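S.K.: Could you work out the structure for the sequence below:
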Amino acid sequence: MTNFFTTAKYRPHTRKDHRYELPKLRIKIGSLDFETYDWSLGGFRIDDFKGRPPVGDQVTVNHLSYSEENAFDVKATATVTRVLIGKNQVAFAFNELDEKAFELLEIASMRRLSQLSSK
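M.R.: Sure, this is the predicted structure:
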């Protein structure tokens with residue numbers, strides 16, 4: 001008997017944390033700055049970059065912001081989980097977030113709700 005499994009767009013999401021598009025986060029990985037496509041407490045998705053680490057490698061996120069007044073140096077690590085070649089994007093899952101990074105992501109998620117309600 002043949003076993004089948006569902007992939008790609010037909011497979012339900014198993015994501016624990018829903019990803020948000022707003023507000024856009026600015027993330028610094030090493031010396032490179034990125035703006036997110038989407039993010040959550042569990043991870044984020046950004047533009048691909050030259051010299052990106054392969055799937056499974058760990059990177060250090062050293063800065064997070066969603067506005068000029070809400071910009072902080074942080075200590076966070078993330079693992080490359082997917083490379084979306086056709087979209088030229090890379091997805092990461094957070095491994096560790098320091099207190100400031102966690103707080104910033106929580107506040108940004110609340111800010112998102114106020115941005116959506118004003119539209």
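
S.K.: Give me the mean pLDDT for stretch 59-75.
M.R.: In this model, stretch 59-75 carries a mean pLDDT of 95.

S.K.: buried stuff in that stretch?
M.R.: Neighbour counts over stretch 59-75 (16 or more other C-beta atoms under 10 Å) mark 59, 61, 62, 64, 65, 66, 74 as buried. (C-beta placed from N, C-alpha, C; glycine too.)

S.K.: Quick one: distance of that stretch to the chain centre.
M.R.: 12 Å (C-alpha atoms, centre = their mean, to the nearest Å).

S.K.: contacts for that stretch?
M.R.: Here stretch 59-75 makes contact (C-beta atoms under 8 Å, 6 or more residues apart in numbering) with 23-30, 33, 53, 76-80, 92, 94, 96-98, 100-101, 104-105, 107-108, 111.

S.K.: Just the buried subset of those residues, please.
M.R.: So, by 16+ other C-beta under 10 Å, the buried ones in the contacts of stretch 59-75 are 23-29, 76, 78-80, 92, 94, 97, 101, 104-105, 108, 111.

S.K.: In strands only, show me those.
M.R.: Among those, the members falling in strands (DSSP state E) are 26, 27, 28, 29, 76, 78, 79, 80, 92, 94, 97.

S.K.: Thanks a lot, see you next time.
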